[in-house]
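when you get a sec, could you give me coordinates for this:
(one chain, ligands or ions: 2)
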Amino acid sequence: MERLLGAVQELSLARDLQTVMAIVRTVARELTGADGATFVLRDDDKSYYADEDAIAPLWKGRRFPMETCISGWAMLQRQHVAIEDIYADPRVPADAYRPTFVKSLAVVPIRRTAPIGAIGNYWATSHRATEEEIMLLQALADSTSIAMENVELVTGLEARVRTRTAQLEAANRDLEAFSYSVSHDLRAPLRSIDGFSRLLVEDLEGKLDDQARGHVDRITAATTRMADLIDDMLALAKVSRGALHEEAVDLSALARAVVAEQRAYAPERQVDVHVQDDMAAHGDPSLLRAVFDNLLGNAFKFTARRADARIDVGSSDVDGEIVYFVRDNGAGFDMGSADKLFTPFQRLHAADDFPGTGVGLATVQRIVHRHGGTIWPESKLGEGTTFSFTLRRRR
Ligand SMILES: Nc1ncnc2c1ncn2[C@@H]1O[C@H](COP(=O)(O)OP(=O)(O)O)[C@@H](O)[C@H]1O
Ligand SMILES: [Mg+2]
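Numbering: from 1, shown residues only. Ligands and ions are numbered 1, 2, ... in the order given. Now for the predicted structure:
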C-alpha cells in the first residue's frame, strides 16, 4: 500500500510517457512480487508491448493483434484477468509464451471505461494472483491512466505553445522586413527634400527675407530629425536580423572606446568617467558596442546640465550572475513611467530639453534579450540613473 501511494505521487509528477512507463513497470513488479511486468499500449487494433521489467526478456517492442493476446483480451473485455496455468487457458497464445519463463500471469486494463493500455504481471512458478494483488494492480493502472491523460494534456499544450511561437516569430520577421524596407526606402525621398531645399536657398541667395529663411531652416531641421529617426529605426530592425556572432569581448575596452567618442562630440564638457578594469563578457561585439553606444550616449546626454557630471561603468556578481551597469548622476526620471522606456519612440523628456528619437533603449533591450539577458533601470528624478543588464549564463 505504501509503495502504491509512493507510485501515485511519482506518477502525478510525470510529464512524459517514458517516465510513466518507467515508474509503472518497476512498481507493478514490486507490488505483487512478480518475476516480470509489462507496460502495454493500445495501438489501434494491436497490443504494443512498450516496456517491461522482468528476470528475462518478454516481448518488449513487439505488437500483437488484440484478439490473440491476453493484454488485448483485458482491454477488449475491459476487465482484469488472472491465469494460474497459462498453457491450460485457450486465450493464451502458447507459442508466444514458450520462449519465456512465464507460468502464471495477471493483467489489468489501464482506464477501465475505454482502455488505452494494460499492465501485465508474470510469474516463473505457478502462482494464483490474489484478490489483493489484483486490487493493487488495478489501483496502479487507474493512477497510470490519470498520469497518461496529464501527459497528453501537457504535450498538447507544449505543442500549441510551439505552434503559436512559430507563428509569432514569422509575423515578427515579416514586420521587421517591412520596417527595414520602409526605413530604407524613406531615405531616398528625404535626401531629395534636403538637397533641393539647400539648392533653393542657394538659388535665392540674397532674395530671402528673414521669415522665408526661418521656414527653410525648419525644413532642414525636420529632415535632419527624420534622417535620425530612419537611422535609428534601421538600427532597431537590424538588431533582430542575422545571426549572433558570439565571442569573448573586452567590455572595458569597448566602453572606453565609446566614452572617447562621446567626449569628442562635446570636447568642452567636463565629465568624470570611471570604467572598471578587466570587464569581460561573451557576446556579439558589434551588438554589445551598440548597447554601450546607447547607454553611454544617454548617460552623457542626460548629465549635460550638470557641472559635476559623473558616469560609472562596471559589473558586480549577484548570486553567481554577472550584472553589468552604466550609472550617471544626470536628470533621472520618475520610476512610475519606467515601463515605457523600452518601447520604441517613447521618451520621458521633452525633445527641446534633451534631443532624441526614443529608439535607443528599445534597441538595447532587443540586443540584451537576444543575448539571453534582461535589462532594468533604477532612477530618481534629478539624482541620476543606473541601467543594469545581464547576458546569457555560460557554464
Ligand atoms: N540615463 C538616462 N537618464 C535619464 N533618462 C533617461 C536615461 N536613459 C534613457 N532615459 C529616458 O528614456 C528615454 C528613452 O531613451 P532612448 O530610447 O535612448 O531614447 P533617446 O535617447 O533617443 O531619447 C529617454 O528619452 C529618456 O526620457
Ligand atoms: Mg538614447
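
give me the pLDDT value at the residue of the chain found nearest ligand 2.
Here the chain gets closest to ligand 2 at one residue, G360, 3.0 Å apart by CB to the ion. Heads up, the C-betas are built off the backbone N, CA and C, glycines and all. Looking at G360, its pLDDT reads 94.

pull the contacting residues for the nearest residue to it once chain neighbours are set aside.
In space, and not counting its chain neighbours, G360 is closest to N294: 3.9 Å by CB to CB, 6 or more residues apart in numbering. Contacts for N294 were tallied using CB atoms under 8 Å, 6 or more residues apart in numbering; they are 360-361, 363-364.

got it, and A124?
Contact partners of A124, counting by CB under 8 Å, 6+ apart, are 35-36, 55, 101-103.

what's the closest of these to Q77?
The closest of the contacts of A124 to Q77 turns out to be V102 (CB to CB; 20.2 Å).

secondary structure class for that closest one?
coil (DSSP: H, G, I helix; E, B strand; the rest coil).

how many other residues sit next to it?
Neighbourhood size, V102 [other CB atoms under 10 Å]: 24.

a helix runs through N150, doesn't it?
Yes. The assignment for N150 is a helix, going by three-state DSSP.

so what's the residue count around it?
Here the number of neighbours of N150 (other CB under 10 Å) works out to 16.

next: G336.
G336: 9 surrounding residues under other CB under 10 Å.

and it, its phi and psi?
Main-chain dihedrals, G336, degrees, to the nearest 10: phi -60, psi -30.

pLDDT value on it, please?
Note on G336: pLDDT of 93.

if we can go back for a sec, was I right to think the residue of the chain closest to ligand 2 contacts A299?
No. Judged on CB atoms under 8 Å, G360 makes no contact with A299 at a distance of 11.4 Å.

higher neighbour count, those two?
Neighbour comparison, G360 and A299: the larger count goes to A299, with 29 against 24 (by other CB under 10 Å).

contacts only, for the residue nearest to the more buried one when sequence neighbours are not counted.
Closest residue in space to A299, ignoring its immediate chain neighbours: D328 at 3.9 Å, by CB to CB, 6+ apart. D328 sits next to 298-299, 302-303, 309-312, 384-386 when contact means CB under 8 Å, 6+ apart.

how about E261?
Counting by CB under 8 Å, 6+ apart, E261 has no contacts.

cool, L186 as well?
Contacts for L186 (CB under 8 Å, 6+ apart) come out as 226, 230.

can you name the element that comes right after the helix or strand it falls within?
L186 is part of helix 131-203 when elements are defined by DSSP states H and E. Later in the chain than helix 131-203, the nearest helix or strand by DSSP H and E is helix 210-240.

name the strands paired with whichever helix or strand comes after that following helix and say parallel or antiparallel.
Along the chain past helix 210-240, the next helix or strand (assigned with DSSP H and E) turns out to be strand 247-250. Strand 247-250 pairs in its sheet with strand 280-283 (antiparallel), by DSSP bridges.
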